[in-house]
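Student: Coordinates for the following, if possible.
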Amino acid sequence: MQANRPPYSMLYILLCLFLTGCDDHAWNDPYPNQSAITNTLYTTFTEQPNHLDPAKSYTDNEFVLIGNIYEPPLDYDYIKRPYKLTAVTSENIPQPKYNAATNTSSYIVKIKAGITYQPHPAFAKQDNGEYWYHNLTLDKTGKFKKIADFEHTGTRELTAEDYVYQLKRLADPRINSPIFGFFATYIVGLSELREILAAAYKDSSKIGELDLRTYNLAGVKVLDRYSYEVKIKGKYPQFIYWYAMPFFSPVPWEATQFYSQPGFVNTNISLDVYPIGTGAFYLSENNPQRRMVMLRNPHYHDDFYPSDGEPQYAGQKLPFLDQIVFSLEKESIPSWDKFLQGYYDNSGISSDNYNSAITSNPGANIALTQRLIDKGIRLRVTNMPTVRYWAFNMLDDTVGGYSQRNKKLRKAINLAFDVEEYIAIFANGRGIPATGPIPPDIAGYGLYAPQSNAANVIKAKQLLAEAGYPEGRDSTSGEPLRINYDTSSSGDPDEKAMLSWIRKQLSKLGIELIIRASDYNRFSEKMRTGNAQMFTLGWNADYPDPENFLFLFYSKEGRVKYNGQNETNYSNPSFDKLFEQFESMGDNPTRLVLIDKMIAILNEDSPWIWGYFPQAFSLSHDWVKPGKPNTMVSNILKYAKIDPELRAKQRLLWNKPLVWPFMLFVLLLVVAVLPAIIGYKRSENKTAKRLG
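Tutor: Alright, predicted model coming up:
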């Protein structure tokens, strides 16, 4: 009888584990099933997008996806500053034609022929011309769990009808578009269509959307296969910017017919999850708990890198990438570590990682740390089309009003705020002090230069005394001046530090600040009813035009009276007159003269404490090219390019396994196990001799 072999399986397993790292992947590679050299951009997302339907979507994290999938007629030039509109699917930028008799303006959009949609089962047809998946029964729809489960796909040409169909969808009460209220005040017939559709749904047992081809929208009509007209009330030159928003993207009727079928709602197959577009990419995988993947649209029309961009890329066909992988990263530290290892191609800079990324000394320029420089990482600073500000409720008896006493009080407080210090402390230096409401890269920015803070405090005290509050006390009653500061509180330490800083600014003038913190709903109620005194807010541009910031001071946008966006309830007839003249004016030099006059009025009345314009700091590896930041362009990813060979090389270099602890462990294990093996062998030999 033959003796059993000794158990060497443990050593064999350890050896196999050691040898698995000997390929083109690092041991810690999070993409082990993908080739290390692919034309893929790896990036992150932090929260699940709720809506990818262009009639519903209205948040930045959603625009990152749909902006590269859908194509409205216009977008913004990738290179030019200030921002300029450029044609995408349209032949040119449509110009409004005003009809004085009807007091309407019309825009005729002519789209390019030959543009086709991404592959999608909604377009799939059988040999007899019937659609494969338009009339599925409930038991059949239940078999499909994701869009990739459909065997057949198809495409078709983009037409003017698709743009008109989407504009009709904005009136659909079941969709409840967040932009309906705004568009209803301009697009002729949109409100009336909503009422008609609401009645149709009431009389119908249909589960999904109605077929809007059978409904008329008075102000929007198809002229021919490639042309359509949109008619708006009055004059509104800024309306042209909305043609660059996802709301104006085309949606084919086949999409709503496909997704409205019973059963798909249970499997989460909808336009909100799987959009259908003509853009450079399409969404092939949507798993918001793990990752989302966009692939190059094989039907994408001819599109080329701008001739006035980086010369080495000028004229090259877009997009450069084949694939984009978005991985879910809820925490900043793991995301940062993977970026440094080369597994993410770009990264933002959170407060947790700021000191690891940025080095700055007083009086010195902001720069990357040497560690990041050595890795070839690049820093890009982008001016955001955003303003953050502190403000006064102009309806309040103390801080509001338009008397010289009230104006001087607000001016004094305005001058006392050291905005540069605020940016350094609470924004990590990522911002530009504001001297007006209009951000950089938008016409009208920078008409006034800031003064030094030391000079401001001296002047502020003088103005405060002239207002009747010397050293922060009422000159008549002798009582200290107390001002309420209303805020929507989250209770985190950073917020407490910020509130302490604001209190310190007013204490320079002897003014006592009383913090009135409340939840968001209560704060909103205070703003709606005009029961706040001081507060802080921000505004992000819907479009890069000065009108989108100056309207925040127009009296007919007053929060209390009109439920508008003028949160201060500021009202000055002189400003209104200039604004109304400015609002109906096209882009020309005269507008700058009017802007100058309006900002002069605002500086005199001081409804805002000029805050700052935030800047975004972003990082990318040197294998990511080109890289001109542009916060307005929605289809930005088609301009991204990578060098996958360099990335693969750097990943291996930066992620070399630390082998010696493992080898030491194996050696110690051998030393520990060897006596047992020897003893086991001797025992076997003795047993064999006895049996022999």
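
Student: Can you pull out the residues in contact with stretch 110-117?
Tutor: 71, 73, 89-92, 94, 123, 155-160, 163, 226-227, 252, 276-278, 299, 301 (CB atoms under 8 Å, 6 or more residues apart in numbering). To be clear about C-beta, it is placed using only N, CA and C from the backbone, and glycine gets the same treatment.

Student: at 10 Å instead, please
Tutor: If you take CB atoms under 10 Å, 6 or more residues apart in numbering as the criterion, stretch 110-117 is touched by 71, 73, 87-92, 94, 123, 154-160, 162-163, 223-228, 250, 252, 254-255, 276-279, 282, 297-302.

Student: Name the residues of it that are buried.
Tutor: 110-111, 115-117 (16 or more other CB atoms under 10 Å).

Student: what about that stretch, average pLDDT?
Tutor: Averaged across stretch 110-117, the pLDDT comes to 98.

Student: residues near residue 479, how many?
Tutor: 9 (other CB atoms under 10 Å).

Student: could I get the buried residues of stretch 110-117 as a markdown table with secondary structure and distance to residue 197?
Tutor: Output for the buried residues of stretch 110-117, formatted as a markdown table (DSSP: H, G, I helix; E, B strand; the rest coil; distance: CB to CB, whole Å):
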| residue | secondary structure | distance to residue 197 |
| --- | --- | --- |
| 110 | strand | 28 |
| 111 | strand | 25 |
| 115 | coil | 28 |
| 116 | strand | 29 |
| 117 | coil | 25 |
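
Student: ok so, going back, of the contacts of stretch 110-117, buried ones?
Tutor: 71, 73, 87-90, 94, 123, 154-155, 158-160, 162-163, 226-228, 250, 252, 254-255, 276-279, 282, 297, 300-301.

Student: Which of the residues you listed fall in helices?
Tutor: 160, 162-163, 254-255 (DSSP state H).

Student: so which of those would you say is closest to residue 403?
Tutor: In terms of CB to CB, no member of those lies closer to residue 403 than residue 163, at 52.0 Å.

Student: Touching, the closest one and residue 221? I think so.
Tutor: No. Judged on CB atoms under 10 Å, residue 163 makes no contact with residue 221 at a distance of 11.1 Å.

Student: Mind listing the shared neighbours of these two?
Tutor: 227-228, 230.

Student: so how many other residues sit close to the residue nearest to residue 339 when sequence neighbours are not counted?
Tutor: In space, residue 339 comes closest to residue 347 once its chain neighbours are excluded; the distance is 4.0 Å by CB to CB, 6 or more residues apart in numbering. Neighbour count of residue 347, defined by other CB under 10 Å: 23.

Student: dump the residue contacts of residue 347.
Tutor: 43-44, 329, 332, 335-336, 338-340, 353, 357, 377, 617-621.

Student: can you rerun that using 7 Å?
Tutor: Counting by CB atoms under 7 Å, 6 or more residues apart in numbering, residue 347 makes contact with 335-336, 339, 619.

Student: which stretch of helix or strand covers it?
Tutor: strand 346-348 (DSSP states H and E).

Student: Repeat that for residue 135.
Tutor: Residue 135 belongs to no helix or strand, assigned by DSSP H and E.

Student: can you give me the strands for the stretch 51-200 of the chain?
Tutor: With DSSP state E, counting those that start in this stretch, the ranges of strands along the stretch 51-200 of the chain come out as 74-76, 85-87, 97-99, 104-110.

Student: What residues of stretch 238-255 count as buried?
Tutor: Neighbour counts over stretch 238-255 (16+ other CB under 10 Å) mark 238-252, 254-255 as buried.

Student: Dig out what the closest residue to residue 420 other than its chain neighbours forms beta bridges with.
Tutor: Once flanking residues are discounted, residue 420 sits nearest to residue 433: 5.7 Å by CB to CB, 6+ apart. Here residue 433 shows beta-bridge partners residue 612, assigned using DSSP bridges.

Student: Can you give me the pLDDT of residue 433?
Tutor: For residue 433, pLDDT reads 94.

Student: hang on, it packs against residue 419?
Tutor: Yes. Contact status for residue 433 versus residue 419: in contact at 4.6 Å, counting by CB atoms under 7 Å.

Student: The two - which one has more neighbours?
Tutor: Taking neighbours as other CB under 10 Å, residue 433 and residue 419 compare with residue 419 leading, 24 against 16.

Student: residues touching that one, list them.
Tutor: Contacts of residue 419 by CB under 7 Å, 6+ apart are 433, 611-612.

Student: Tell me the pLDDT of it.
Tutor: 94.

Student: I'd like the distance between it and residue 614.
Tutor: Taking CB to CB, to the nearest Å as the measure, residue 419 falls 12 Å from residue 614.

Student: just residue 608 next, same as before
Tutor: 16 Å.

Student: Residue 676 now?
Tutor: 66 Å.

Student: who's more crowded, these two?
Tutor: Neighbour count, other CB under 10 Å: between residue 676 and residue 614, residue 614 has more, with 20 against 11.

Student: Correct me if wrong: the more buried one contacts residue 388.
Tutor: Yes. Taking contacts as CB under 7 Å, residue 614 lies within contact range of residue 388: 6.3 Å.

Student: Please list the members of the buried residues of stretch 238-255 that lie in strands.
Tutor: Taking DSSP state E, every one of those sits outside strands.

Student: which stretches of the stretch 451-600 of the chain have low pLDDT?
Tutor: 451-455, 490-491 (pLDDT under 70).

Student: what ranges do the helices span in it?
Tutor: For the stretch 451-600 of the chain, the helices defined by DSSP state H, counting those that start in this stretch cover 453-466, 493-507, 520-529, 547-550, 559-562, 573-583, 589-605.

Student: Now the first one - C-alpha only, PDB.
Tutor: Going back to what we said before, that points to helix 453-466. C-alpha atoms of helix 453-466 as PDB (Å, rounded to 0.1, in the frame of the first residue of the first chain):
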ATOM      1  CA  ASN A 453      -9.700  96.400   3.200                       C
ATOM      2  CA  ALA A 454      -7.900  98.700   5.600                       C
ATOM      3  CA  ALA A 455      -9.200 101.700   3.700                       C
ATOM      4  CA  ASN A 456     -12.600 100.200   3.600                       C
ATOM      5  CA  VAL A 457     -12.900  99.800   7.400                       C
ATOM      6  CA  ILE A 458     -11.900 103.400   8.000                       C
ATOM      7  CA  LYS A 459     -14.500 104.600   5.400                       C
ATOM      8  CA  ALA A 460     -17.100 102.200   6.800                       C
ATOM      9  CA  LYS A 461     -16.900 103.700  10.300                       C
ATOM     10  CA  GLN A 462     -17.300 107.200   8.900                       C
ATOM     11  CA  LEU A 463     -20.400 106.100   6.900                       C
ATOM     12  CA  LEU A 464     -21.800 104.400  10.000                       C
ATOM     13  CA  ALA A 465     -21.500 107.600  12.000                       C
ATOM     14  CA  GLU A 466     -23.100 109.600   9.200                       C
END
